[in-house]
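Trainee: Fold the stuff below for me.
(chains A and B)
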2 protein chains.
Amino acid sequence: MGGFTPMAPKCEPVIMSRSEAPHDDMTGNLLDRLLAGLPAEAVLTDPDVTGSYAHDMAGFCPAGNPAVVVLPRTAEEVQHVMRTATALRVPVVPQGARTGLSGGANATEGCIVLSLTRMDRIVEINPVDRIAVVEPGVVNAALSRAVGEHGLYYPPDPSSWETCTIGGNIGTASGGLCCVKYGVTAEYVLGLDVVLADGRLMSTGRRTAKGVAGYDLTRLFVGSEGSLGVVVRAILALKPRPPRQLALAAEFPSGAAACDAVCRIMAGGHVPSLLELMDRTTVGAVNELTRMGLPETTEALLLAAFDTPDPAADLAAVGALCEAAGATQVVPAEDVAESELLLQARRSALVALDAVKGTTMIDDVCVPRSRLGEMLEGVERIAEKHGLTIGVVAHAGDGNTHPTVCFDAADPDERRRARESFDEIMGLGLELGGTITGEHGVGVLKKEWLAREIGPVGVEMQRAVKAAFDPLGILNPGKLF
Amino acid sequence: MGGFTPMAPKCEPVIMSRSEAPHDDMTGNLLDRLLAGLPAEAVLTDPDVTGSYAHDMAGFCPAGNPAVVVLPRTAEEVQHVMRTATALRVPVVPQGARTGLSGGANATEGCIVLSLTRMDRIVEINPVDRIAVVEPGVVNAALSRAVGEHGLYYPPDPSSWETCTIGGNIGTASGGLCCVKYGVTAEYVLGLDVVLADGRLMSTGRRTAKGVAGYDLTRLFVGSEGSLGVVVRAILALKPRPPRQLALAAEFPSGAAACDAVCRIMAGGHVPSLLELMDRTTVGAVNELTRMGLPETTEALLLAAFDTPDPAADLAAVGALCEAAGATQVVPAEDVAESELLLQARRSALVALDAVKGTTMIDDVCVPRSRLGEMLEGVERIAEKHGLTIGVVAHAGDGNTHPTVCFDAADPDERRRARESFDEIMGLGLELGGTITGEHGVGVLKKEWLAREIGPVGVEMQRAVKAAFDPLGILNPGKLF
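Mentor: Got it, this is the predicted structure:
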């Protein structure tokens, strides 16, 4: 994913390494204070290095130059960073692997970038309690593999799962392909240790299956994009590992027919472990990139999978519903290996779309699944109006679409049209009763749109919550609102 | 459940019907203002009537006399009530069916009781989107039956499901028997319309399967016991209706052996739709009440059920694990009817324990399920120390125990010992890494204990959240903190 160069001009970084260059008093004071509680190797000031921490994978998002990047290894070190930041009123931008797609981890000018990537210990895996206790820098795939060895399953699987961190997943409330059956990150976070803006440590939630003692602050931190506190430990719920899933692919003569199939499947009470849609543009791009030989004649390709005790029976039932909705071809995988091949097509979709014009903007609009057909149709209209290629991949079972605008970043007019169509897609989503973001978050990219979605009272109360946790406004300022 | 008379002396109510008696200026002003935006029949002042709204089903919880009870039918009427309360600085206690067990709905002296029971419309049931839109006064069982007609399932099933309301369930973040597989109320609340303390209406969340636009205020309201705002509409997630469950009963020679079986079942990757435990005391009480003929020789009875495609196979596997853990007898139900009989035993447990000494206090301590055996053992020690009968029923699969203290309310010393043992049980739960409340909430009953569980920083931040939503402190004051 990604490939888009942020639009903000890349200024010369303000700060250089302490040993190499002088710096102003303010920064000197900041560095001295930080180094009083952090080892020297955990404090980066070389501008070539700190510059690489300036932004995540979102396009159209300004990013400033960090004053310093810190890489703590313990909660105590994070507390020291936050105490320092509070004392000096310096903004702090918490970061995971910077795979985000909304600029939520982008640096602000002169900030402390607080990278949690070195806090990467899996503290505990408990098969009886079905929990894992982890530090925020643990990579999603590393956790998934580790719990798999105990017969357990950590479902949330964002596309970047091989590199993204659990802390980042919690900050963004990430989703993935599994959500249609297993839900999103939020549903797996039981309790948190959080360092507050002033450096105090707070524990929220529980390590039990149930618990309702007080307000649910755990859930408040999930999806808060590092703007309320810094997660330094998480207690995660796990599921028993299900059987390997078996998939089918169904080819449709129109997007509307594919969406009709989605509605029939969900209204029919089926619980697929995956239900994904790719439109013709996406299928073409995947063929171009991978030579997979997907059917080029298709207008929409639906992938469904089941990890049930008898997936073949479930696929047969769903295949019949696809045919009833007008599918011209239904191809169930013979085995797990063939299923994986089908899913590879879906997994390479965004990279393939990126290759179309060199740059993409990936939208993330979720609509009630009963409105999915209208969404697809509307996106097509928007693409036509702006003379752009917009491929749609969607977690169709959730109504969560990723209309992906392909454009040439070197062409100013095309950039403008790309941004306009990106915004119109969000407007369409709201009209259909949806949300501007199903799983990527608000960050910098969708700030104005958040206000449109939740309205003035909503914004006011969200700001009041922000002020309650971060009265000085030093935690990831300029994000969300 | 219940049967316990609140300990607060029942004072003479302050307010009488407007037509019958004079009242002081303050109250007169309040009534005049309320009646300006509510029909007369929605404003109750007869002290015999308002007195019946003073408390929920919790014991040991003080309750004041309401100045007035209002029964709005629309969000606008609720807004009028809150605007009036804000203008006059009068406390408001939101109420559902008052089946709560922590005093969370108890009136404070001179308050407006805001009963949502007349807002009982099911606005929408959508099988494609798998959602229901409801008003807060809808009874849990009414919703369950209504969605069942569409092949859908609303899982949360507190014991009081035939009478409790969805609004109350949301306020308390209720659980039930289904949670081991389907989770608690919180997991089914997608979006809310909330009237804030000052009377403004705010919409939170979404009607889509996924959505991460801004802080998760929806979840913040769930379990907030009416202290942050008044829920006037909820968008609830639904599941497809599963097959009817099939159950087994397993008899154990000790609580420890039964808890070992629970651990083996959960570590073995099984996903029962129900996994309940009753100790010897409870089994005896149920036999006494119902003449069901449960095995009196048992030290612990485990009930497990599956609603899977092949429940008999799952029951066979779980039965084998029970035997490996030392079960002396494993009896799988032959059919759904026989399963229902077994579950009836569990459902009548609290009523049966109530009959032992005339009064009970039902605790609600949830521990990591790996510590369940220690919890049972500890409760036995506490019962012995205080010379009391304490029966334990537990949502064993969740580690959520309901140690039920049986006592004679007319005996002051026994009351004291009952309260002491109730508190010691919470202390034990915290020692074992658990929580003071798995599903009943904090209310008045467990205020001091909330502070012990979440610590001073936690309390401070929870209070900050409260202040952000309710700066005047008029919403359900004296609860939680």
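
Trainee: Confirm A:Arg233 sits in a strand?
Mentor: Yes: assessed with DSSP: H, G, I helix; E, B strand; the rest coil, A:Arg233 lies in a strand.

Trainee: which residues touch the residue nearest to it when sequence neighbours are not counted?
Mentor: In space, A:Arg233 comes closest to A:Asp193 once its chain neighbours are excluded; the distance is 3.8 Å by CB to CB, 6 or more residues apart in numbering or on different chains. Using the backbone N, CA and C atoms, a C-beta is placed for each residue, glycine as well. The contact partners of A:Asp193, taken as CB atoms under 8 Å, 6 or more residues apart in numbering or on different chains, are A:75, A:201-203, A:231-234.

Trainee: Next: A:Glu424.
Mentor: Contacts were defined as CB under 8 Å, 6+ apart; by that measure A:Glu424 touches A:Ile382.

Trainee: circling back: what pairs with the helix or strand where the residue nearest to A:Arg233 lies, parallel or antiparallel?
Mentor: Per DSSP states H and E, A:Asp193 falls inside strand A:189-195. Strand A:189-195 sits in its sheet next to strand A:201-205 (antiparallel), strand A:230-237 (antiparallel), going by DSSP bridges.

Trainee: Is it possible to get JSON lines of those that adds mean pLDDT and mean neighbour count?
Mentor: What follows is the strands paired with strand A:189-195, written out as JSON lines (pLDDT from 0 to 100; neighbours: other CB atoms under 10 Å in any protein chain shown):
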{"stretch": "strand A:201-205", "mean pLDDT": "98", "mean neighbour count": "21"}
{"stretch": "strand A:230-237", "mean pLDDT": "98", "mean neighbour count": "25"}
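
Trainee: and the residue in the stretch 101-250 of chain A that chain B sits nearest to, what are its bridge partners?
Mentor: Chain B sits closest to A:Pro240 of the stretch 101-250 of chain A, with a gap of 3.4 Å, by CB to the nearest CB. Beta-bridge pairing for A:Pro240 (DSSP bridges): A:Leu152.

Trainee: what about it, how many neighbours?
Mentor: 16 (other CB atoms under 10 Å in any protein chain shown).

Trainee: Now do it against A:His150, distance only.
Mentor: Distance, A:Pro240 to A:His150, by CB to CB, to the nearest Å: 10 Å.

Trainee: Rounded mean pLDDT for the strand holding A:Asp193, please.
Mentor: Mean pLDDT, strand A:189-195: 98.

Trainee: CA atoms only for it, dumped as CSV, please.
Mentor: Presented in CSV, the C-alpha positions along strand A:189-195 are these (Å, rounded to 0.1, in the frame of the first residue of the first chain):
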residue,chain,number,x,y,z
VAL,A,189,-9.0,-5.3,24.1
LEU,A,190,-9.9,-6.2,27.7
GLY,A,191,-7.6,-3.9,29.6
LEU,A,192,-4.8,-1.4,29.2
ASP,A,193,-2.0,0.2,31.0
VAL,A,194,-1.9,3.8,29.8
VAL,A,195,0.6,6.6,30.5
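
Trainee: Now it: buried residues?
Mentor: Residues A:189-195 are the ones in strand A:189-195 that count as buried (16 or more other CB atoms under 10 Å in any protein chain shown).

Trainee: State the pair within these that is farthest apart.
Mentor: Using CB to CB, the buried residues of strand A:189-195 span at most 18.6 Å, a distance reached by A:Leu190 and A:Val195.

Trainee: Contacts only, for A:Arg371.
Mentor: Per CB under 8 Å, 6+ apart, neighbours of A:Arg371: A:399, A:432-434.

Trainee: Among the residues you listed, which one is most surrounded by other residues?
Mentor: Among those, A:Gly399 has the most neighbours (other CB under 10 Å), with 33 neighbours.

Trainee: Quick check: the gap between it and B:Ala247.
Mentor: Taken as CB to CB, the span from A:Gly399 to B:Ala247 is 36 Å.

Trainee: Can you give the domain ranges for chain A?
Mentor: With domains defined by automatic domain parsing, chain A comprises A:25-115, A:122-240, A:246-431.

Trainee: Can you get me a residue count around A:Pro309?
Mentor: When counting by other CB under 10 Å, one arrives at 14 neighbours for A:Pro309.

Trainee: Nearest residue to it in space, please, no chain neighbours.
Mentor: Distances taken as CB to CB, 6+ apart put B:Pro309 closest to A:Pro309, at 6.2 Å, once the chain neighbours are dropped.

Trainee: mind checking the SS state of the one you found?
Mentor: In three-state terms, and counting by three-state DSSP, B:Pro309 is coil.

Trainee: now do A:Met278
Mentor: Strictly by three-state DSSP, A:Met278 counts as strand.

Trainee: what sits against it?
Mentor: A:286, A:300-301, A:303, A:345-346, A:349, A:391-394 are the contacts of A:Met278 under CB under 8 Å, 6+ apart.

Trainee: Next: A:Ala249.
Mentor: Listed by CB under 8 Å, 6+ apart, the contact partners of A:Ala249 are A:301-303, A:330-331, A:333, A:342.

Trainee: again, 10 Å this time
Mentor: Going by CB atoms under 10 Å, 6 or more residues apart in numbering or on different chains, A:Ala249 touches A:276, A:278, A:294-295, A:298, A:301-304, A:319, A:322, A:327, A:329-333, A:338-339, A:341-343, A:345-346.

Trainee: Restricted to strands, list those.
Mentor: Among those, the ones falling in strands (DSSP state E) are A:276, A:278, A:301-304, A:329-332.

Trainee: Which residue does the stretch 251-400 of chain A have closest to chain B?
Mentor: A:Gly269 (3.4 Å).

Trainee: And for that residue, the neighbour number?
Mentor: Number of residues near A:Gly269 (other CB under 10 Å) recorded here: 17.

Trainee: The lengthiest helix in chain A near chain B anywhere?
Mentor: When chain A is parsed with DSSP state H, its longest helix is helix A:447-469. Yes: Helix A:447-469 lies within reach of chain B by CB under 10 Å from any CB of the partner chain, at A:449-469.

Trainee: Could you turn the buried ones of the residues you listed into a ChimeraX selection?
Mentor: In ChimeraX, this line selects whichever of those come out buried by 16+ other CB under 10 Å:
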select /A:449,450,451,453,454,458,459,461,462,465,466,468,469
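
Trainee: In contact with A:Leu101: list those residues for me.
Mentor: A:1-2, A:4, A:56-59, A:61, A:158-160, A:172, A:350, A:361-364, A:402, A:437, A:439-441, A:443, A:445.

Trainee: End to end on stretch A:241-252, go ahead and measure it.
Mentor: For stretch A:241-252, the first-to-last residue distance is 32 Å (CA to CA, to the nearest Å).

Trainee: what's the answer for stretch A:230-246, then?
Mentor: 39 Å.

Trainee: Then stretch A:146-160?
Mentor: Calculated as CA to CA, the first-to-last residue distance of stretch A:146-160 is 18 Å.

Trainee: Quick one: distance of that stretch to the chain centre.
Mentor: Put simply, stretch A:146-160 sits 16 Å off its chain's centre (CA atoms, centre = their mean, to the nearest Å).
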